[in-house]
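J.: Got a predicted structure here, sequence first:
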Amino acid sequence: MPIEHEAKVLDIDPDVTERRIIDEGGRKLGRRFMRRYVYDIAAGDRSKWIRLRDNGNGTTLAVKHITSDAIDGTHEVEVSVDDFAATNELLGIMGFTAKSYQETERVSFTLDGAQLEIDTWPRIPAYLEIEAATKEDVIRVAAQLGYAESDLTGENTIKIYARHGIDLDTVRELRF
């Protein structure tokens, strides 16, 4: 399973962060509304799950596997699919029941070879996600924006919500 090299900077001000990215030479790619279903692969295993996501430009199906909270601790296999509703139905036929439906808003940028996302989720502060080819590239781009390596986390969304006292495993629908 390929490794994702990504980290998050939590509790950001989206407007300030966007200005900082643009001031450093970043290019804004656009804003989009996203929706997703999340399915357990094995009940109770929080380290691996299926994600069906409509990202506003297309639909993807992925298996995510978290091995650690490090910048290189997420593994992902993702494929494009044609239809969000039909793929959800197909997964149901295969025995997978969505454990939750989630909505987010995302503003995307590129900066020095990295993909940056300002993600806004319901009920928690926005965060910046930096994804690049290597761990070192993630740290370098973060530093370019004024963030130290200690400001970065590889925590997944469940752990970020837990920081705010919300058990995401008990939230069936996460909507704006």
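T.: Great, that's in hand.

J.: okay, CA-based contacts and neighbour counts for the rest of this
T.: Noted.

J.: quick one: the nearest residue to residue 10 once chain neighbours are set aside and residue 63, what's the gap?
T.: Closest residue to residue 10 apart from its sequence neighbours, by C-alpha to C-alpha, 6 or more residues apart in numbering: residue 127 at 4.5 Å. Residue 127 is 22 Å from residue 63, where distance means C-alpha to C-alpha, to the nearest Å.

J.: Which strands and helices lie in contact with the host helix or strand of residue 49?
T.: According to DSSP states H and E, residue 49 maps onto strand 48-54. Packing partners of strand 48-54 (3 or more C-alpha pairs under 8 Å, 6 or more residues apart in numbering; DSSP states H and E): strand 27-40, strand 59-66, helix 84-93.

J.: circling back to that earlier point, verify the stated contact: the residue nearest to residue 10 with residue 119.
T.: Yes - look at residue 127 against residue 119 with C-alpha atoms under 8 Å: they come within range, at 5.5 Å.

J.: so residue 145 sits right up against residue 20, yeah?
T.: Yes - at 6.5 Å, residue 145 counts as touching residue 20 under the criterion of C-alpha under 8 Å.

J.: coming back round to it: what is the neighbour count of the residue nearest to residue 10?
T.: Residues near residue 127, counting by other C-alpha atoms under 10 Å, number 21.

J.: Need phi/psi at it.
T.: For residue 127, the backbone dihedrals (degrees, to the nearest 10) come out as phi -140, psi 160.
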